[in-house]
Every structure is written in structure tokens, then in C-alpha cells.
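S.K.: got a sequence here, can you model it:
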Amino acid sequence: MIPSQPAPVPDQRQDPFRWSRSDRARVHADFSDPRHTPSSQRQYAQKHGIPRSTLGTWVRQDTPDDVDPHIVAFLRNPAGELFLRHIVVAATLVFHQANACGLRTIGQFLRLAKLDSFVASSYGALHSFAASLQTELGRFGDEEQQRLAATMTPKTITLAADENFHGPKPCLVAIEPVSNFLVVESYRDRRDGDTWTEAIQVRLKGLPLRLVLLTSDQAKGLLRCARDGLEVLQSPDLFHRQRDLLRPLLLPLRRPIQQAQKELEQAQQRAHRLDAEIPPEGLEISREAFEKLVEAVRDELKAVKKLEQSQEPKERVVEQVRGVGDDYHPFDRQTGRPLTEKQVEQRLGQRVDRLQEVAEQAGLGPGAEEALTKARSWLGTLVAVVAWFWIEVRQQVEELELSEEQERVVYECLVAGHYWEQAANRARQPEERQRLKALAERLKTHAWEQGGVLSILPKEQREEVERVSRQCGGLFSRSSSCVEGRNGRLSLHHHGQGRLSEGRLKALTTVHNYVIERSDGTTAAERFFGSKPRNVFAGLLDRLPDLPRPAVKRPKKSAQTNPLLG
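M.R.: Predicted coordinates:
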């Protein structure tokens, strides 16, 4: 029998026939130290296992003519090598992966910074390095999700979903709106209900999550996914419903506005022409010319008034359609107090009634009437979502086993405060955003004020009440705008860099979830899992291969003199 043989020790270098850049940097540092310079290259080579000829080549390395010698000395030392690695990895991650910047631009950056003497700046070398970085990003996302899922606190979530068509295949995108974490982002051959269901279930497998709501533009595949596949409530996207309501009303209202604008322009031109015909000061104007000028000015004033009157119905329509969005909340926008589904139904119904009045007064056609009829139908769906929200919130709050008075404070102050804290960022005007944030802070402060009914709870129970209240505040999802924004981002990447491969898309997902930070310094993964993920950049520095070496610059051949030209 053949005796067992010891396994060979794997070579730590990335290529058994090439030494790493760190080895070269260490040699350069040793031989450039004036106090401890090795006495013999041969002895140094034997001690460190480096071929004598290789060591001599490293030591005799030429200094670039266009770079300061002090900078050269620094970049060829271990600290400078690490600094250069940071620069190239950061440039590739931020400019190429996170943004639609091409590799040739990064190569130009290296040349302008005079770093091309230390790292390769050609497209081929950078392409190979960027491909390795892209692979490591996708691997990091898979590994980190499994690690964070093991310590994740169980939670209830909603999803916003939509498709993107920037490539040959549909790209399915689903985001958890509160954390903005990309749960699904992948290419699929189809976008029907079964495909959507399978894509979401695969990504949620192994995570301690309970999905209760799917917000979308109500495409057939997503409707079937929510109803038959996931068996959750389907919430219509408010923006799409407002657009469907506004378009049939605005189109016929624009015609009288355009006509009034045309008449105003004609009246202004006539008044300007007559005014130019008035004789210079000191000369007498004829009575007939004066009367024509007065009449032209009156016509201009009438045209201005007519334009204002024609714009009034349009402004009223826009105001009421925007009002639908202002009223579609489970809490009052001014006081923060909870609203029942009946109260929300009454407010939304009044908006449609006012739109009906405008349509009748303006004499709009059957298209507007049909849009208003459909609006009353989908307003019922919005009210049903509000009713579902309060059922889900009461179920979670009752599990906390609080007193009746404590539950009232949780509903009226704590859940409301967390809801408006999240919804404030989506307000149209900066002043309104600040007001809603102040309202949210005031409600939460009142809930936990000293001597209040919640302040007597033990610390562990207070933390649980806070967690459940924050979770409940994020359950009401009105829009899939987060997915629309992501789709626009993917389109920019596709436009700037061509077709996105599946590996490229996976890397972009990791960048979105683990790299991009909000103003508070948190990533989407940290907000979603509840714990801080590992540093992506530090992981890339450890995993990526050596920076590509620049090619040896060959001396340029001198131009040969033509003997015929002398």
C-alpha cells in the first residue's frame, strides 16, 4: 500500500511565478533604510528566499522622471503600497461600481495623478481588477446576509415591488420601504405572478420576517403574486392612482387656458404696436389714435382676467388631487391623532366630490366622468388598507400586555410619532418637513415623559414597546416610489455602461445595501437587520488580488533620417 503523503503547503502568493507587491515594498524599505541597510544583497536574498537576480532588479528599479523622489520613496514602501491600494480600490468601488463611470476614466485619473508609474492604468489591466472586485462584492452580500440573519430580531415588514426593462430581460425589484433594503433585484425570463412569488420567497427564506403587505402599481403579475402566491394584502401605489385621476381632468382644462394665453399675446402685441405709433412727447396725438390705444389696453386687461378665470379650475383640480395624498394617512396631518377608516373615507370622499363640482362647472366630457367613477372605486381600496393597518397595529400592541391607558398612549403618541418621523421626509415643502418632524418629536416626547403611564414600565419592556411602535409606524405603505427611484438608478447605469450582466447587477445590489449611507451614517442593511454589518471596503482590501503592475516602459526609437531629405 502506498504510504500517505503530506499535502503541500499552499503558496500564499496569488501567482507562484510572481512575487507580491508587498514583498517588493518590504525589500525597498529595507534597502532604503540608511541605519539598517543590509550589507549584502546575496545574503539578504538567501535569508528571505528571493532569487538573487530578482532582488537585484527590485533594488535597481528606476525612478520616474516626472514624479518627486520623495513621493516615489513613499509609494514604494509598505505604507505607500497600502495607501496606493486604498486609492485604487476606493476609486473602482465609488466611481465604477457605485456610479456609472467607465474604467477609461479611472485610468485617466491615475495618469493625471502620476500614479500610472506604480499601478497599471490600461483598460485591460483595470478591467481584470474591476471584475475581481465585482465578484467579491456579490460574494460579500451573500455571506453578510446569512451572518446578519442569524442574529436578526423577528419583525413584520411590507414590500414595494415593480419591474424595470433596461435590459433584454425584465428586472424584478422589491424594496422594504422603511429601511430601503433591496430584498429582490434580479433578472427573470418572465414577470408573472409565479415568477414574482418565487423570487420573493427565495430571498426571504431563512429570514425571521413576516410579510404582510405588497405595494405596487397593480400590474397583473404583482396582483396575482400578492393574492395567490404570498397571500398578503395588496396596496395600490398612490402616485399612479393620482396620475390616472389627474390626466383626464387636466387635458380638457388646458384648452381654454391655451386659448386665453393666445388672446392675451395678441392683445399685448396690438397694444405695443399702437403705443409705438404715438408721436414723441410735445406733439399732439389724434383722438382716433388715442381711442384705439385705450381700447387695446382694455382688451389686454380683459384677456388677463380671462386667463386667470380659465386657470382657476385647473388650480382647483390640482389642489384636490394633491389633497388626496395629504388625507391618505392613518393619522391627522395637523394634530397627529389617529384616524379611523371612516374618517379617512369621509375626507377622501370630499376631495372627489369637489372634483365632481369642478368637472360639472367646466363642462368636462365623459372621460372626466369615467375617471371620477374609477376614483371612487379605488378610494375604497385605500380605505380598506387603513382598516387593515389598524387591525395589524392593534394585534401587535395587544401582544405587549399593556393596560388600556398605556395602549391609548401607544396608539395616539408613540406609533403616531414614529409614523410621522418616517413620513416627514416625503413632504413636498421643506417647511412642511420640518413641521412634521417637530410634531413627531413632540408626540414621542409626550409618550415617554416622566410620570407618564409608559415611564413606569421596566427597561426591557420599554425597549420592546419602542421597537413594536417603530415597526407599526412603518407598516402603512402608500407608495412604491422607492422602487421607482431604484429603477431610475439602474437605467442610468445601463445608459452609462451598456448592458448590465447578472454579476454586475448583484454587485450593484450589494453597493446599495451595504455601502451607500444616509445622513445618519447607517446603511440599508443596518436598518433592515438591526445590527451593523462588516465594513465592505475593509473586506475588499483583504480579498482582492494585488494591484496590476504597470508595463515596463520601453525607450522610444529615434526617427531615422531620410538620406534624400538630408
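S.K.: for the rest of this, base every contact and every neighbour count on C-alpha atoms.
M.R.: Noted.
S.K.: the residue nearest the centre of the chain and residue 167: what is the separation?
M.R.: Against the mean C-alpha coordinate of the chain, by Cα atoms, centre = their mean, the closest residue is residue 486 at 5.5 Å. According to Cα to Cα, to the nearest Å, residue 486 stands 15 Å off from residue 167.
S.K.: related to what we said a few turns ago, who's in contact with the residue nearest to the centre of the chain?
M.R.: Listed by Cα atoms under 8 Å, 6 or more residues apart in numbering, residue 486 has no contact partners.
S.K.: may I see the buried residues of the one helix or strand it maps to?
M.R.: Per DSSP states H and E, residue 486 falls inside helix 481-497. Within helix 481-497, the residues scored as buried using 16 or more other Cα atoms under 10 Å are 481, 482, 483, 484, 486, 487, 490, 491, 493, 494.
S.K.: packing partners of the helix or strand just after it?
M.R.: Using DSSP H and E, the next helix or strand after helix 481-497 towards the C-terminus is helix 502-514. Identification of packing neighbours for helix 502-514 by 3 or more Cα pairs under 8 Å, 6 or more residues apart in numbering; DSSP states H and E yields helix 123-149, strand 181-187, helix 524-529.
S.K.: list the buried residues in the first one.
M.R.: In this case it means helix 123-149. When burial is assessed from 16+ other Cα under 10 Å, helix 123-149 yields the following buried residues: 123, 125-127, 129-130, 133-134, 136-138, 140-141, 144-145, 148-149.
S.K.: ok, now the shortest one?
M.R.: Of all the residues in helix 524-529, those buried under the rule 16+ other Cα under 10 Å are 524, 525, 526, 528, 529.
S.K.: contacting residues around it?
M.R.: In contact with helix 524-529 (Cα under 8 Å, 6+ apart) are residues 148-149, 152-153, 179-181, 512-514, 516-517, 532-533.
S.K.: pLDDT (mean, whole number) over that helix?
M.R.: Averaged over helix 524-529, pLDDT sits at 96.
S.K.: C-terminal to it, what's the next element?
M.R.: helix 536-543.
S.K.: packing partners of that next one?
M.R.: Using 3+ Cα pairs under 8 Å, 6+ apart, helix 536-543 sits against helix 78-91, helix 123-149.
S.K.: pLDDT on that helix, on average?
M.R.: 94.
S.K.: distance between it and the chain's centre?
M.R.: 23 Å (Cα atoms, centre = their mean, to the nearest Å).
S.K.: give me the angle between it and helix 78-91.
M.R.: Helix 536-543 and helix 78-91 meet at an angle of 120 degrees, taking axes from the mean of the first three to the mean of the last three Cα atoms, to 10 degrees as the criterion.
S.K.: tell me where the stretch 201-350 of the chain has helices.
M.R.: Counting by DSSP state H, counting those that start in this stretch, the stretch 201-350 of the chain has these helices, from start to end: 220-224, 238-276, 287-327, 341-362.
S.K.: which one of those lies closest to residue 379?
M.R.: With Cα to Cα as the measure, helix 341-362 is the member of the helices of the stretch 201-350 of the chain nearest residue 379 (7.1 Å).
S.K.: packing partners of that closest one?
M.R.: helix 287-327, helix 366-398.
S.K.: any regions of the stretch 401-550 of the chain where pLDDT drops low?
M.R.: The stretch 401-550 of the chain contains no residues with pLDDT under 70.
S.K.: so residue 158: helix, strand or coil?
M.R.: Of the three states, residue 158 takes strand under DSSP: H, G, I helix; E, B strand; the rest coil.
S.K.: surely it meets residue 216?
M.R.: No: here residue 158 does not reach residue 216: they are 11.1 Å apart, not a contact under Cα atoms under 8 Å.
S.K.: between those two, which one's more packed in?
M.R.: residue 216 (27 against 24; other Cα atoms under 10 Å).
S.K.: mind checking pLDDT for the residue located most distally from the centre of the chain?
M.R.: The outermost residue of the chain relative to its centre, with distances by Cα atoms, centre = their mean, is residue 284 at 69.3 Å. Residue 284 carries a pLDDT score of 72 in this model.
S.K.: could we number from 434 for the rest of this?
M.R.: Got it, first residue is 434 now, which makes that one residue 717.
S.K.: in the stretch 434-583 of the chain, where is pLDDT below threshold?
M.R.: In the stretch 434-583 of the chain (pLDDT under 70), the answer is 434-450, 472.
S.K.: neighbours of the residue nearest to residue 787 when sequence neighbours are not counted, how many?
M.R.: Leaving out its chain neighbours, the residue that sits closest to residue 787 by Cα to Cα, 6 or more residues apart in numbering is residue 753, at 7.3 Å. By other Cα under 10 Å, 19 other residues sit near residue 753.
S.K.: equivalent analysis for residue 485, please.
M.R.: Neighbours of residue 485 using other Cα under 10 Å come to 14.
S.K.: cool, and residue 638?
M.R.: Residue 638 is flanked by 9 other residues according to other Cα under 10 Å.
S.K.: what's the answer for the one 5 residues further on, then?
M.R.: A count of neighbours around residue 643, defined by other Cα under 10 Å, yields 12.
S.K.: residue 702 too?
M.R.: Neighbours around residue 702, by other Cα under 10 Å: 14.
S.K.: ditto for the one 4 residues further on
M.R.: Summarising burial for residue 706: neighbours were counted as other Cα under 10 Å, giving 13.
S.K.: if I look at it, how far off is residue 734?
M.R.: The value you get for residue 706 to residue 734, if Cα to Cα is used, is 16 Å.
S.K.: just residue 546 next, same as before
M.R.: Distance, residue 546 to residue 734, using Cα to Cα: 64 Å.
S.K.: which one's more surrounded, the two?
M.R.: residue 734 (15 against 10).
S.K.: for residue 686, see how far away that one is.
M.R.: According to Cα to Cα, residue 734 and residue 686 sit 22 Å apart.
S.K.: same check on residue 884?
M.R.: Taking Cα to Cα, one finds residue 884 at 57 Å from residue 686.
S.K.: ok, now residue 577?
M.R.: 54 Å.
S.K.: what about the nearest residue to residue 457 once chain neighbours are set aside, helix or strand, and which?
M.R.: Nearest non-adjacent residue to residue 457, counting by Cα to Cα, 6+ apart: residue 491, 6.7 Å away. According to DSSP H and E, residue 491 maps onto helix 485-492.
S.K.: list the buried ones in whichever helix or strand comes after that helix?
M.R.: For helix 485-492, the following helix or strand on the C-terminal side (DSSP H and E) is helix 502-508. Under the neighbour-count criterion of 16+ other Cα under 10 Å, helix 502-508 has 505, 508 buried.
S.K.: do stretch 794-803 as well
M.R.: So, applying 16+ other Cα under 10 Å, buried residues of stretch 794-803: 797, 801, 802.
S.K.: between the two ends of that stretch, how far is it?
M.R.: End to end - Cα to Cα - stretch 794-803 spans 16 Å.
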